[in-house]
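S.K.: sequence? don't have it. structure:
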């Protein structure tokens with residue numbers, strides 16, 4: 001990329017700047033600087049052009065330092081996230097190896113006992129599921145319970161029998 005010579009006019013001061021960036025970009029930056037200096041001189045009409053230019057430079061330098069510090073913090077966070085991800089991936093791989101080892105050990109122990117490998121069938125996909133906290137049961141495994149309405153119907157029928165006995 002070649003160096004561009006760009007003629008600028010910032011608050012009446014003519015200058016030529018050599019830049020690797022495009023002329024449009026450099027002129028855009030110059031306009032932003034000129035706008036900042038103009039704004040500062042309008043806020044304080046007694047300040048000289050040198051003072052307003054110095055305050056503008058301080059402001060831009062402050063913004064740059066803060067942005068650089070924020071960027072460094074983000075880099076450090078990304079580095080930490082990458083380290084955490086790498087550590088989690090290693091732990092997952094180790095856990096998978098341990099699962100494989102334990103499966104082989106279970107198969108070996110079952111072979112010693114002469115048992116056939118037991119494949120537990122998964123619950124049917126359409127079976128309703130009840131969550132109990134300790135483990136999950138399908139409704140096929142749950143003994144039939146008295147419903148709320150049934151409870152009151154039975155009580156009501158007992159009362160009606162008791163009422164018949166009291167009347168006689």
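M.R.: On my side now, so go ahead. No experiment lies behind these values; they were computed from the predicted model shown.
S.K.: could you pull out the helices in the chain for me?
M.R.: All helices of the chain, identified by DSSP state H, fall at 23-43, 49-113, 148-167.
S.K.: now render the ones you listed as JSON lines, adding distance to residue 16, mean pLDDT and mean neighbour count.
M.R.: From N, CA and C alone the C-beta is placed, and that goes for glycine too. Conversion of the helices of the chain to JSON lines gives the following (distance: least, C-beta to C-beta, whole Å; pLDDT from 0 to 100; neighbours: other C-beta atoms under 10 Å):
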{"stretch": "helix 23-43", "distance to residue 16": "11", "mean pLDDT": "93", "mean neighbour count": "15"}
{"stretch": "helix 49-113", "distance to residue 16": "18", "mean pLDDT": "95", "mean neighbour count": "11"}
{"stretch": "helix 148-167", "distance to residue 16": "90", "mean pLDDT": "49", "mean neighbour count": "9"}
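S.K.: and of these, who's closest to residue 4?
M.R.: helix 23-43 (5.6 Å; C-beta to C-beta).
S.K.: what's that closest one packed up against?
M.R.: Judged by 3 or more C-beta pairs under 8 Å, 6 or more residues apart in numbering; DSSP states H and E, the packing partners of helix 23-43 are strand 4-10, strand 13-19, helix 49-113.
S.K.: would you mind giving the helices of the chain as JSON lines with distance to residue 13 added?
M.R.: Output for the helices of the chain, formatted as JSON lines (distance: least, C-beta to C-beta, whole Å):
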{"stretch": "helix 23-43", "distance to residue 13": "9"}
{"stretch": "helix 49-113", "distance to residue 13": "8"}
{"stretch": "helix 148-167", "distance to residue 13": "88"}
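S.K.: out of the ones you listed, which gets nearest to residue 6?
M.R.: For residue 6, the closest of those is helix 23-43, at 4.5 Å, according to C-beta to C-beta.
S.K.: hmm, back to that, could the helices and strands packed on helix 23-43 be laid out in TSV, adding distance to residue 27?
M.R.: Below are the helices and strands packed on helix 23-43 laid out as TSV (distance: least, C-beta to C-beta, whole Å):
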stretch	distance to residue 27
strand 4-10	7
strand 13-19	10
helix 49-113	17
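S.K.: no further questions, thank you.
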